[in-house]
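Just the structure for this:
(2 chains)
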Amino acid sequence: MINPLRGMKDISFDDSARFTHIVKISIEVAKRYGYNYIETPILEETTLFKRSVGESSDIVGKEMYQFVDKGGNDVCMRPEGTAGIVRAFVSAKLDRQAMKHKFYYYGPMFRYERPQKGRLREFHQFGCESFGESSVYEDFTIIGMVAQIFNELNIGYDLLVNSLGCPKCMPVYRINLISFLSVIKNELCEDCNRRIDTNPIRVLDCKNKKCQSLLVDSPKLINNLCAECDEDFKKLTELLGKTDIGYKIDTNLVRGLDYYNKTAFEFISNDIGSQSAIAGGGRYDKLVEYLDGKSTAGVGFALGIERIMELVKIPQSQREGYYMGIMTPDAIDSILLLAVQKRKSNKATVEYKSKGFKSHMKGADKANARYALLIGEDELKNGTVWIKDLDSGEEKTILVDDI
RNA sequence: GUGGAUGUAGUUCAGCUGGUAGAGCACCUGUUUGUGGCACAGGAUGUCGCGGGUUCGAGCCCCGUCAUCCACCCCA
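Next comes the predicted model:
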């Protein structure tokens, strides 16, 4: 027997119903905000992710499905969606227009990690990317859109927001932080010492208690933002405060991807295990330039469909359509042609095998059909069908022509 | 990559100090060839993850391996 690869799952039955429900609601909401569908390749040049997601990130550093194809190209299964969308944006030369562009997408992403609850090697995201709008009002609007999706899916969440600064204030802060950390270096844990070089901001949310006690007086980015970043972040929280979207400022919130600046946010849930992020996103004003485009502001988010599947309850499926069966083999042609007609507008399940009445009734019930439609010897002879509404119990025999 | 737990029927799980493989749910067939959900009766189903070892004998003990789950890490 051949099983799916490690960390990869088949999605069917109840799961696929939840999956499509999440995608459907997300699309409906995104369309209301003016987003259009975009589909980009799953396989891209490895360079794309190195230059966008960043070589210092874990995603690029150790989690990529990377290989050389038969043409000798260094390629990679996409680990996230934004890089490909930005590449497509630049490829289509949309960066040379003054227009704003908004895209939504969904599909599989691949990361070579050790699987656990809520963490798969192949997983699915739904996401949106807004290009050409540098205003913080767009950040607010995007966060509101995610909140709306979750509200319509009827699931609870906590929202964390932070500002990561911009090329003016972030590098200055980073140097300050590194010098602060260097002083206490010997007392910090092994992981933190590694982080000082790779991603010093990560040291701030180390779970080690000793580290935390040493970090109480560390400089916080939120207090070292430049005037513009500070003003935008205040505006964002002010606006969020005026809505019913609850939020918490998390100064340690650092997204694992290098391209973010200014607004960063994460939606989390306490009900799905330790992998609690159900959506994340932020602003990436430099990313288009990194990928050889003309400087264009960008902001977006992605939500993890499998993680949200753990949270959504879908309503019990209603009885729908027809179950069609025969109790005399001669009636097979009649029932088939009837099904052809019915299927022009309704769901119809046909049992080809001639069976007893009771057996058909059980079959109709299992098929979750609203109506059982049967042809037996009498009906065949009279040119009629017997039909029963399985919800109301009402039944009648009518002429084939009157259906 | 590190640590821990678990692999027995479609599924959830039992299986004693080693002695011929079990239950619930689900499934199939019946309960006057014409009334589903309910009830009753009957039935099918296993390379006990895989490979080796110990033993007269291994689902159980030992070694290896693979997979799953949980946590770290990281993230959706």
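
how about the residues of the stretch 51-200 of chain A near RNA strand B?
Counting by CB under 7 Å from any atom of the strand, the stretch 51-200 of chain A comes close to RNA strand B at A:57-59, A:80, A:111, A:113-120, A:123, A:125, A:191, A:195. Where you see a C-beta, it was placed from the backbone N, CA and C, and this is true even at glycine.

Buried ones among the residues you listed?
Buried subset of those (neighbour count, 16 or more other CB atoms under 10 Å): A:57-59, A:80, A:111, A:113, A:118-120, A:123, A:125, A:195.

Include distance to A:Leu94 and secondary structure when you put the residues you listed into TSV, please.
Formatted as TSV, those follow (distance: CB to CB, whole Å; DSSP: H, G, I helix; E, B strand; the rest coil):
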residue	distance to A:Leu94	secondary structure
A:Ser57	26	coil
A:Asp58	30	helix
A:Ile59	25	helix
A:Glu80	20	coil
A:Arg111	28	coil
A:Glu113	33	coil
A:Gly118	35	coil
A:Arg119	34	strand
A:Leu120	32	coil
A:Phe123	28	strand
A:Gln125	22	strand
A:Arg195	37	helix
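
Specify which member of those residues is nearest to A:Ile25.
Of all those, A:Ile25 sits closest to A:Gln125, with 14.7 Å by CB to CB.

How about that closest one, nearest residue that isn't a chain neighbour?
Counting by CB to CB, 6 or more residues apart in numbering, A:Gln125 lies nearest to A:Ala302, which is 4.4 Å off, once chain neighbours are set aside.

residues touching that neighbour, list them.
Applying CB atoms under 8 Å, 6 or more residues apart in numbering to A:Ala302 gives the contacts A:80-82, A:125-127, A:279-281.

Span of stretch A:66-76 from start to end?
Chord length of stretch A:66-76, first to last residue, is 4 Å (CA to CA, to the nearest Å).

Please read the previous query as pertaining to stretch A:389-396.
Stretch A:389-396 end-to-end distance (CA to CA) = 9 Å.

before we move on, back to that, what's the closest of the contacts of A:Ala302 to A:Arg18?
Ranked by distance to A:Arg18 (CB to CB), these are led by A:Phe126 at 13.1 Å.

Do I have it right that A:Phe19 meets A:Arg307?
No. Using CB atoms under 8 Å, A:Phe19 makes no contact with A:Arg307, being 11.8 Å away.

Show me which of the two is the more surrounded one.
Using other CB atoms under 10 Å as the criterion, A:Phe19 and A:Arg307 rank with A:Arg307 on top: 24 against 19.

Quick one: residues contacting that one.
By CB under 8 Å, 6+ apart, the contact set of A:Arg307 is A:118, A:269, A:272, A:275, A:277-278.

out of those residues, which are inside strands?
Under the assignment DSSP state E, the contacts of A:Arg307 contribute A:277-278 to strands.

Out of the contacts of A:Arg307, who's the most crowded?
Going by other CB under 10 Å, A:Ile278 tops the contacts of A:Arg307 with 25 neighbours.

Dump the buried ones among the residues of the stretch 51-200 of chain A next to RNA strand B into JSON lines; add distance to A:Ala297 as well.
Below are those laid out as JSON lines (distance: CB to CB, whole Å):
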{"residue": "A:Ser57", "distance to A:Ala297": "22"}
{"residue": "A:Asp58", "distance to A:Ala297": "26"}
{"residue": "A:Ile59", "distance to A:Ala297": "23"}
{"residue": "A:Glu80", "distance to A:Ala297": "19"}
{"residue": "A:Arg111", "distance to A:Ala297": "27"}
{"residue": "A:Glu113", "distance to A:Ala297": "31"}
{"residue": "A:Gly118", "distance to A:Ala297": "32"}
{"residue": "A:Arg119", "distance to A:Ala297": "31"}
{"residue": "A:Leu120", "distance to A:Ala297": "32"}
{"residue": "A:Phe123", "distance to A:Ala297": "28"}
{"residue": "A:Gln125", "distance to A:Ala297": "22"}
{"residue": "A:Arg195", "distance to A:Ala297": "29"}
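
tell me the domain boundaries of chain A?
Here the domain parsing of chain A from automatic domain parsing is A:14-163+A:245-309, A:322-402.
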